[in-house]
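Trainee: Predicted model and sequence follow; I will ask about them next.
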Amino acid sequence: MRVLDFDGTIYDGESLLDFYLFTARKDPRVLGYLPIALFYAVRYRLGRVTLEQLDSAMRRVGSRYLRRLTSRPGFDMDRLVNQFWDANMHKIMDWYTPQADDVVVTASFDLVAGEACRRLGITRCIGSTLDLESLTVGYLNFGPDKPLHFQQTLGRKTAIDAFYTDSAFDLPMIDLARRAYMVEHGRVRRIK
């Protein structure tokens, strides 16, 4: 089985950021949440906040963003996600050709990345989750949590023949794989 990260690996960019900016065009009031999210994301990348602090901040920001976004009359998340992918499927990288056993493991929300996967014929997408009933973030699927959620979903003994990523932050997934590949600007090179 091939397991692939989504953003920067299959998708040319960060789909969560692109989706956020897409929703801001529909409702500019959500722009207020971007600085807080970027502040914590950058500090995490620089090693200045822990994963737990990032997780807590993203849950708070995510919940506020969802409340603001869904407060619009006639709001329809499925329609919004479909409109987003109608405009952004062209950002799937040329190197990627879906295979029947592909699994996507991503920090992006499964609600968003899952629709791109469905359009690509990928039946298994393990991502961060949103609860649209309570307007909260279920869990964030990044760093050391990726292998945990992968194994909870597919079983601890599930073998990964090849893992594809664009980031060393996916080292926990690389460690689980027989082979690993780094994707940089659409170029794929073996790293394990």
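Mentor: Nice, I can see it. In this text the structure is predicted, and so the values were computed from the model without any measurement.
Trainee: mind listing the helices for this protein?
Mentor: 15-26, 34-45, 51-70, 77-88, 110-120, 145-154, 171-176 (DSSP state H).
Trainee: how many other residues sit next to residue 73?
Mentor: Around residue 73 sit 4 other residues, with neighbours defined as other CB atoms under 10 Å. Every residue, glycine included, has its C-beta placed from N, CA and C.
Trainee: cool, residue 47 as well?
Mentor: 7.
Trainee: Now do it against residue 169, distance only.
Mentor: Applying CB to CB, to the nearest Å, the value for residue 47 to residue 169 is 12 Å.
Trainee: domains for this protein, by residue range?
Mentor: 2-13+90-190, 18-80 (the TED database).
Trainee: Return the residues in contact with residue 176.
Mentor: 147, 150, 160, 163 (CB atoms under 8 Å, 6 or more residues apart in numbering).
Trainee: rewinding a little: can you list the helices of the chain in a markdown table and add distance to residue 5 and mean pLDDT?
Mentor: A markdown table is the format used below for the helices of the chain (distance: least, CB to CB, whole Å; pLDDT from 0 to 100):
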| stretch | distance to residue 5 | mean pLDDT |
| --- | --- | --- |
| helix 15-26 | 11 | 94 |
| helix 34-45 | 16 | 88 |
| helix 51-70 | 17 | 90 |
| helix 77-88 | 17 | 97 |
| helix 110-120 | 10 | 97 |
| helix 145-154 | 8 | 95 |
| helix 171-176 | 8 | 96 |
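Trainee: Would you tell me which of the ones you listed gets closest to residue 187?
Mentor: helix 171-176 (17.5 Å; CB to CB).
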